[in-house]
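1. sequence first, then the predicted structure, then my questions.
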There are 4 protein chains.
Amino acid sequence: MDIGIFEAYESNVRRYGRSFPTVFTKSLGATIWDESGKPYIDFIVGSGALNYGHNNQDIMAPAIQYLADQNIVLSLDMYTTAKRDFIEVFVNSILKPRGLSYKIQFPGPTGTNANEAALALARKYTGRSSVMAFTNSYHGMSLGSLAVSGSASTRQLGGVARHDVIRVPYENYPNQTFDSASYIDHVLGDPGSGIEKPAAIILEPIQAEGGMNTASAPWLAEIQRICRKHDVVFIVDDIQAGSGRTGDFFSFEFAKIEPDIVCLSKSLSGSGNPLSIVLIRPDMDIWKPGEHSGTFRGNNLAFVTSAAMCSMWSDKQFTTAVERTAVKLQEHLDRLVAKFPKCIEQKRGRGLMAGLKCRSQAVVGRVHDVAFENGLLIESSGPNRDVIKVLPPITISDDELDHGIAILDQALQEKTNGD
Amino acid sequence: MDIGIFEAYESNVRRYGRSFPTVFTKSLGATIWDESGKPYIDFIVGSGALNYGHNNQDIMAPAIQYLADQNIVLSLDMYTTAKRDFIEVFVNSILKPRGLSYKIQFPGPTGTNANEAALALARKYTGRSSVMAFTNSYHGMSLGSLAVSGSASTRQLGGVARHDVIRVPYENYPNQTFDSASYIDHVLGDPGSGIEKPAAIILEPIQAEGGMNTASAPWLAEIQRICRKHDVVFIVDDIQAGSGRTGDFFSFEFAKIEPDIVCLSKSLSGSGNPLSIVLIRPDMDIWKPGEHSGTFRGNNLAFVTSAAMCSMWSDKQFTTAVERTAVKLQEHLDRLVAKFPKCIEQKRGRGLMAGLKCRSQAVVGRVHDVAFENGLLIESSGPNRDVIKVLPPITISDDELDHGIAILDQALQEKTNGD
Amino acid sequence: MDIGIFEAYESNVRRYGRSFPTVFTKSLGATIWDESGKPYIDFIVGSGALNYGHNNQDIMAPAIQYLADQNIVLSLDMYTTAKRDFIEVFVNSILKPRGLSYKIQFPGPTGTNANEAALALARKYTGRSSVMAFTNSYHGMSLGSLAVSGSASTRQLGGVARHDVIRVPYENYPNQTFDSASYIDHVLGDPGSGIEKPAAIILEPIQAEGGMNTASAPWLAEIQRICRKHDVVFIVDDIQAGSGRTGDFFSFEFAKIEPDIVCLSKSLSGSGNPLSIVLIRPDMDIWKPGEHSGTFRGNNLAFVTSAAMCSMWSDKQFTTAVERTAVKLQEHLDRLVAKFPKCIEQKRGRGLMAGLKCRSQAVVGRVHDVAFENGLLIESSGPNRDVIKVLPPITISDDELDHGIAILDQALQEKTNGD
Amino acid sequence: MDIGIFEAYESNVRRYGRSFPTVFTKSLGATIWDESGKPYIDFIVGSGALNYGHNNQDIMAPAIQYLADQNIVLSLDMYTTAKRDFIEVFVNSILKPRGLSYKIQFPGPTGTNANEAALALARKYTGRSSVMAFTNSYHGMSLGSLAVSGSASTRQLGGVARHDVIRVPYENYPNQTFDSASYIDHVLGDPGSGIEKPAAIILEPIQAEGGMNTASAPWLAEIQRICRKHDVVFIVDDIQAGSGRTGDFFSFEFAKIEPDIVCLSKSLSGSGNPLSIVLIRPDMDIWKPGEHSGTFRGNNLAFVTSAAMCSMWSDKQFTTAVERTAVKLQEHLDRLVAKFPKCIEQKRGRGLMAGLKCRSQAVVGRVHDVAFENGLLIESSGPNRDVIKVLPPITISDDELDHGIAILDQALQEKTNGD
């Protein structure tokens, strides 16, 4: 396989290509193939952007038909039939059954577009400029999102990314004795705290890049209460944890909260095609026409595939299957934790958004390499990159899941034996 | 036609839908149709993101085949056959024939992703934090790009967007007596100027949103010389003016310059699918693996359509046709300027990136409405929104172009008579 | 007494004149007189700038002689005999007996000049830009010092004062269960904490304006250890608590620490004449000549009075008397706390830097007014201004101290009776 | 003479002591003496802080009496008789005769305290955060003042000093063909200029540190007109050029303007004792009590000497003498310019605020050294430090002036011969 052209012409910034030095071509469900025809089970799924598997035919068939019929592809924010269909399905299949009432903004196709729009709206709404964000958060690669992210390597990008951000500890950070919610409540009420009232608090209910850290339902509810009390906008970045990843459509449903603003992207299109939206509490939708824009905010192909994906959530059979798969995955991981105590410190995450906190980055590196050799794609996260992310498609077949876990088991075994 | 669902559920931020209160469906070449079957000539083409027309079959046919064959759609920055094909075509059809030698970064799918990556790289490369940007510039909607943009309404978004930016006058701003290049050269060399040496100078060779202001070849060459002299990175944002819009592939070819970094997006995919790249002078490609990332930087459908588009530029017949159409468009506009002196102040732009500076925003508003009524889509730009952008597909047929111009002519006529 | 001219011509920003609506003239020791000849015991002493009493003759006599002899008054940072004498006395009477070895910078005459110079030097030394500062801190009124101060009203001044500051909780903030030192240690070592390594940690060993909060010796030692461990400059702002206020010359002597940089001002001149210095660990003195400057950094009259003051600290009789007075003051306050539990919550502070935390701002306001009526000047501090500062001259006579406390006792009594 | 103690204990930041390696003691009028008894004519006068000469007896005698009588020295912003006297004299001798009506703020003793207070007030008054400042400006050493200063070495201090500042060209910068006032007017009115409306424009009518650049009366009037038109606060930093330096009390009197805010310091006390004030247009005095503060804002000794100085301006004989001396100085400098064309490029400044722009920094360095040897103290300014500042006391005797100029003439002669 020829990877020389990447080495010659693609920027040194490329990363996955170095981890997986082969050239991929076809893909279906949880499996992708390289040029030589070798299959790989995919537990990365585009960093959570392919929750419904590769080339899911229920999603892709309408897309192919849409293009074949010469329908409009790019439309800025003009009205199109594809966009109207998407809005209808999203409202009827996702929002209404959950008792949610939001206005929908199309801020551009990426997650960071959504977060930047949400932060800008919160600043405009409150007239304040700073934002409260958490340790180990990750919100994106453009400057506004970088600023609120926690990772040192991310934030140092370009050297200018830390204005107007108040960093506070996430639940159980740095350890379980510190009550971060109560600390936040206190400093917001103390005129001597040195911490100005922010426009917004932004958080991920599960911090994927930060190491698969999960927030509890009571803590999330408490943060929402604090936001209401101090008149601060509550933004949930559900870009990686939402769109079905935890087993529910939104990752925060279990906490029975209703954030002021919710950002979705990644798996939102269902197809891997770039799409993001910002859900806005209606009275907070104070945007003026055109005040926020972006060329690719009218990606109609993504509207078509997203509508197909959203309609699945009205199908009881579909949701039951996802729940069953989540249980199965958790059982698999419990078994691995019990089996490899020398490698694995603890299970992390929730539902199908799972991780294994390992005892060192070296363990993870070795497991990654052996798994790739044997036909499984995994990646790591966390400030010390010692957490294995386990993100299969939520529609993965039992066979594919068992096979992927078996390869992981074997890689851990080799690592354990190798020590 | 039912637009109630947009009014009920889409954020107030929507703009084009208000300007064009109808629902679009099909599209082909320079024409799009609404639900009632009424056709419109499109002189907006996705704000320059559909230079090759809607559903250009040379571009879309391979895309449909790609999806039908269940090839990989989203790949982060793994190596794929679609990406390899794109790189090969881009290097061979675009870079090499122009004597250019760049590394290619895939920063994510939008123009602002590209600009943010370019600015971050320049800051990293120089160790400096500020950036020099121009009056009336527009570089995107995420915070880093907002900061360097010139429009007050854009920059005030969220209230935090002006750090580390040094604003300097574009060529001929505010009038022709001020030599902005010489001023920039002077302040960069004067330790008392109060202006620190920036990481980069970023500019658009034609400022589309800023009012279709064009930079001359000598001025662009002078800015490049100043960057070289003071060791400042020279970034060209060719997102709207590049990818063929001016008649050349890059908008700066006529100036015989070779910027350190070039950002492309919008029409780069050829299909309206989101794609952007950053072209980097090889010795400046000091990114570490994974230092900049983004979920949708591996949009393979866009790689397929972009490769199809790029290969057209190796076809002499294609480039000759584009040149001929550019001349035809300019002749049309010269005629309109001569015919409507009370409405039009001057012609702006270059090649197929053209505009008409009108005598007031009111003129533009009226022309816009009449044109829409008669089946032509146009939009305005400039700080006072008094410039009509004229951006037909560069592949527009003579009939479509003549028809579109005729509608414009008539709208100007009505306006003139109506006064 | 005519105060009309102040009302007519002095800015509305004036505060003390409104609290004490009379016109003062003469002053000696702990007593000042107004125009009508009414004496007041002074427990404010220029917010701690007159620790040695008003017109202390040991200090003022050399000053009068200096002026009478037509010696140089202002000298920028030229060498003068007065400055040489000051340095000699400061080194021999203050630094050497305490085993300290610092270089001395004269940054200008005010405390905020010193803090700004210290922060600038720490940034230059480390190449980092942010600074860690504490809840309820106060460091001065110029922008760099404002930024690191904790009070909301202070920091909001002008709306631009919060860049590059990391706010962390002071000892026992918000309550005694949170281990702030351990939290600081953790975030500085965690690459995902979202908190960049700062240039410096700046703190007051006693937060006067913040409410007379005192840091313990172990906590101060731990902060110093953390600074050493993470290579962060440790700055002690001893502007109000130093120069003898706690009974020792430096307020941190009891903790046996040796900060990298110490800032002194307020009582440093001994006379109320503006003077400040920055004490710098010799290897950290990387200033280039003239890199920091200021017109009034050569205030020779203040050098003369400061030398006279410093030499007192070589006098055992003087230091013994100060210690005895401190004990006496503490006994007085303990008695008041026990006597007025309905007004006073707790005693605060250390040595002669004392305060009474009251149960409400209203209590303090009433006590202030009654005390003024009866001939005692006090002021309040704290985020809710419910702490009475008790700052007599450290050289106060027993009679004056007893008299001042008696007035305070009576004012508390009236308040208690009045409820 | 022993300067070892300075080398051992004073920070490396010391500068003048290195330029003039001797130890000064006595001073009177325009002359200061070192320990060996050698006299020097002083053309630096504390960088303009001793306009009335050293130990001016009309000014110092009341000061000595004040101290001898045990009057209050430091009073925060309590009302004192000394302060009342100062206000009365300032209003009657300075403001009223010039038809000016200002409120007076005492922001602390230094010039930078005044500028920071002025900027904070302008930000509070307008609700805007940025400030427009000029090339080659100098406004002080604390962070807010640093930010608006133009010198690279000044602004880079500590690495954080450039937020919220819009840099624009001073009159005739970089050359006489550019109309800076018209440029400023244009960008403030153009929504696409990329330059937000600032809270204030701050300027020095003569830029002393920037190279003795003078603004013309029409340009100053035009800047005031632009401020009025765009509702921007007009701040004149008259710290070095005011308090009599140009021959008038305020340096801007010749332009018949009335700035919204004026900052004074340096020679304001008349004695070299630290004092500064901010003059505020009465309707703009929206400070809340205590919103801006500072320990040393009640420096009564400086009030006493300043009142003595201000009262001189009611004496026609005094003002006539100053005017005559200014003319004499200008004649001297014209003669030097004509005599040493190889060394001197042009005369700079106005009145007694004069400078000689030399052909190189080397010339200035050599002249400085020879002059010191021969008994004259001068210093340089300008971004390339090639301007000799000539700032004798405005009360200098003819003999002293002639003698100082003679030494300067001789030093230039030696330089010329030496080439």
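-> Perfect, I can see it now. Keep in mind that what you see is a predicted model, and the values were worked out from it rather than measured.

2. tell me the helix or strand right after the one helix or strand in chain A whose mean pLDDT sits lowest.
-> In chain A, no helix or strand scores lower on mean pLDDT, DSSP states H and E than helix A:152-155, which sits at a mean of 66. Moving toward the C-terminus from helix A:152-155, the next helix or strand (DSSP states H and E) is strand A:165-168.

3. buried stuff in the helix or strand just after that following strand?
-> Later in the chain than strand A:165-168, the nearest helix or strand by DSSP H and E is helix A:180-189. By neighbour count on 16 or more other C-beta atoms under 10 Å in any protein chain shown, the buried set for helix A:180-189 is A:180-181, A:183-188. C-beta coordinates here come from the backbone N, C-alpha and C atoms, glycine included.

4. avg pLDDT for helix A:180-189?
-> Helix A:180-189 comes out with an average pLDDT of 93.

5. list the neighbouring strands of the next helix or strand after it plus their orientation.
-> Remark: after helix A:180-189, the chain's next helix or strand is strand A:200-203, criterion DSSP H and E. Its sheet considered, strand A:200-203 pairs with strand A:131-134 (parallel), strand A:233-237 (parallel) by DSSP bridges.

6. what distance do you get for the residue nearest to residue A:376 when sequence neighbours are not counted to residue A:327?
-> Leaving aside its chain neighbours, residue A:376 sits nearest to residue A:407 (4.0 Å; criterion: C-beta to C-beta, 6 or more residues apart in numbering or on different chains). Going from residue A:407 to residue A:327 by C-beta to C-beta, to the nearest Å gives 21 Å.

7. quick one, which of these two is more surrounded?
-> Shown here are residue A:407 and residue A:327; by other C-beta atoms under 10 Å in any protein chain shown, residue A:407 has more neighbours (23 against 13).

8. the more buried one belongs to a helix?
-> Yes. With DSSP: H, G, I helix; E, B strand; the rest coil as the criterion, residue A:407 is part of a helix.

9. what's the pLDDT at residue A:242?
-> Value listed for residue A:242 in the pLDDT field: 98.

10. I'd assumed residue A:276 was in contact with it.
-> No. In this structure residue A:242 lies outside contact range of residue A:276 using C-beta atoms under 8 Å: 10.8 Å.

11. what touches both of those two?
-> Common contacts of residue A:242 and residue A:276, defined by C-beta atoms under 8 Å, 6 or more residues apart in numbering or on different chains, comprise A:264, A:268.

12. count of neighbours near residue A:79?
-> Residue A:79 has 26 neighbours, counted by other C-beta under 10 Å.

13. identify the residues contacting it.
-> B:3, B:6, B:17, B:20-24 are the contacts of residue A:79 under C-beta under 8 Å, 6+ apart.

14. the spatially closest residue to residue A:116 that is not a sequence neighbour: what's it in contact with?
-> Spatial nearest neighbour of residue A:116, chain neighbours left out: residue A:144 (4.3 Å); criterion: C-beta to C-beta, 6+ apart. By C-beta under 8 Å, 6+ apart, the residues touching residue A:144 are A:112, A:115-116, A:119-120, B:142-144, B:158, B:160.

15. export those to CSV and tack on distance to residue A:200, pLDDT and secondary structure?
-> Formatted as CSV, the contacts of residue A:144 follow (distance: C-beta to C-beta, whole Å; pLDDT from 0 to 100; DSSP: H, G, I helix; E, B strand; the rest coil):
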residue, distance to residue A:200, pLDDT, secondary structure
A:112, 16, 92, helix
A:115, 11, 94, helix
A:116, 12, 91, helix
A:119, 7, 92, helix
A:120, 10, 91, helix
B:142, 17, 81, coil
B:143, 14, 79, helix
B:144, 19, 82, helix
B:158, 10, 50, helix
B:160, 12, 49, coil
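
16. ok, the residue of the stretch 301-419 of chain A found nearest chain C - contacts?
-> With C-beta to the nearest C-beta as the measure, residue A:383 is the residue of the stretch 301-419 of chain A nearest to chain C, at 2.9 Å. Counting by C-beta under 8 Å, 6+ apart, residue A:383 touches A:136, A:151-152, A:210-211, C:190-193.

17. and what of residue A:40?
-> When contacts are counted by C-beta under 8 Å, 6+ apart, residue A:40 touches A:31-34, A:372, A:375-377.
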